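Visitor: after the sequence you'll find the predicted model.
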Amino acid sequence: MKSIQPQNASLIDDLAGSISESLAPIVYGPGSAIFREQDLGGHAYIIERGQVKITQDAGTDQKVIAILGPGELLGEMSPIDNERRSATATAITETEIIPIGTGQLQEIVENSDPLIQLLLRVLIERLRNTRPENERTTGGIRLLDDEMKSRSLETVRGRALNQLKAEKELRDAFSRREFDLYFQPIVRLSDYRLAGFEGLIRWLSPERGVIGPNDFIGLAEETGLIVPIGLWVLEHACYMLKRFQAIRDRDFPDEEPLFMSANVSARQLRNLDSVDTIIATIRKTGVDPTAIKIEITEGLLIADPEIAITAINRLKALGVTIALDDFGTGYSSLSYLHRFPLDTLKIDRSFVMSMLKNRESMTVIRTITRLARDLKLSCVSEGIEDPRELTTLKDFGCDYGQGYLFARPLPEREVHEILSRDRLWAPNRPPATAEPQASE
């Protein structure tokens, strides 16, 4: 997404959408007032054609502040900060304007990144402070309003500072090498033998203990740290697979080779230079590329299909396989799925964990497994905890499974026991219970 942060891009997209869906254009004749000084600010406006004069009271005279033309914005501050109009806008010639409502702007601003909110509020406050002093003192109600706005600014400032602090903490953690990989076994459902692992990052904080990715990956995405973190995950996963495979070959020489799944951020794949870096990283480790399964999300396919196809094809040319993670949770992808050279569909744990109680979830799982079979893709189910879930998934034709019925995500030292097992599940063995699956 080039140099813009994902949340900021969302803000711009939302603004553009709001403008397109706002009220119909309004036409003002020459000399008509669009709004007057001290009016309540209900809208901002974009000039489609014509000219608008912006003036302020200066005793008995009107001080001309600006002359605006097509494409320019006016009245933009009041809808954001709920202040009264600080100037008068008058059409000089016949003028057509497009209004942008207060609700549209405020909802977008309130849902934006805290840093964007802080910048907007500070800039507006500084602009407001350039007004003559007699325009800012209109009695006790106004002073109370100023106090409330000051508190609001402090809240936004606090959120922004907290985010900056969290970003610094995350950067420091990466530089201090506080991250580690845990490995959740993936089992072949035909015989319950170990087929591979998914590498899952953990932040081993000296202050807060083991932190799951749900608590920091979002921030890593926003700040761009996901790129170096993602590369580290991939490199570490490749090296560990070589180590695990050596043990597997020693104990079970006739078994199929293990594979390792690693999540790759959409941000890493939207830039083809980053894709080349991923390829170079895999090559550097000396691992067999055909044993690496890169997991991507549907969002990448939706956001930029052509870039996604190019990126996936480059990776597949190396020999890696591609899995579509959390399939069916975020987008309606059935209509375009055939366009992408995928190898695996992963059924999200939310469907599996509710399948015994929810008929709709059962139908979704049956549909996904059938779709995978028709498209000649393998299918992996996440979040298996109940033997009945396992039996149903196997009956549906699901190829692989992972979840606490087999094993929780494990640190490297505990993987060796898994590698020495003949099979990873038996009817009399209880499921693993430790950290919640939501943190994987």
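Guide: Nice, I can see it. Residues are numbered from 1 along each chain as shown.
Visitor: OK, contacts around the nearest residue to R349 once chain neighbours are set aside?
Guide: Closest residue to R349 in three dimensions, ignoring its sequence neighbours and counting by Cβ to Cβ, 6 or more residues apart in numbering: G383, at 2.6 Å. No exception for glycine: its C-beta is placed from N, CA and C like everyone else's. Shown here is G383, whose contacts under the criterion Cβ atoms under 8 Å, 6 or more residues apart in numbering are D348, R349, S350, V352, M353, Q402, G403, Q437.
Visitor: how about 6 Å then?
Guide: With contact taken as Cβ atoms under 6 Å, 6 or more residues apart in numbering, G383 is in contact with R349, V352, M353, G403, Q437.
Visitor: repeat for L318
Guide: Contact partners of L318, counting by Cβ under 6 Å, 6+ apart, are I279, P289.
Visitor: and the residue nearest to R349, what's its pLDDT?
Guide: For G383, the pLDDT comes out at 94.
Visitor: packing partners for the host helix or strand of I201?
Guide: In this assignment (DSSP states H and E), I201 forms part of strand 193-205. Counting contacts by 3 or more Cβ pairs under 6 Å, 6 or more residues apart in numbering; DSSP states H and E, strand 193-205 is packed against strand 179-188, strand 209-211, strand 259-263.
Visitor: report the angle between that strand and strand 259-263.
Guide: Using axes from the mean of the first three to the mean of the last three Cα atoms, to 10 degrees, the interaxial angle of strand 193-205 with respect to strand 259-263 works out to 40 degrees.
Visitor: strand 193-205 vs strand 179-188, what angle?
Guide: When the same axes, to 10 degrees is applied, the directions of strand 193-205 and strand 179-188 differ by 160 degrees.
Visitor: from G31, how far out is the residue nearest to L356 when sequence neighbours are not counted?
Guide: Distances taken as Cβ to Cβ, 6+ apart place R388 nearest to L356, at 6.0 Å, with adjacent residues excluded. Here the distance between R388 and G31 works out to 77 Å (Cβ to Cβ, to the nearest Å).
Visitor: which non-adjacent residue is nearest A237?
Guide: The spatially closest residue to A237, leaving aside those adjacent along the chain, is G199, at 3.8 Å (Cβ to Cβ, 6+ apart).
Visitor: apologies, that question was intended for A266.
Guide: The shortest distance from A266 to any non-neighbouring residue, by Cβ to Cβ, 6+ apart, is to L300 (3.8 Å).
Visitor: worst mean pLDDT across the helices and strands of this protein, which element?
Guide: For the chain, scoring each helix and strand by mean pLDDT, DSSP states H and E identifies helix 6-20 as the least confident one, at a mean of 38.
Visitor: where does the stretch 301-440 of the chain dip in pLDDT?
Guide: 330-336, 427-440 (pLDDT under 70).
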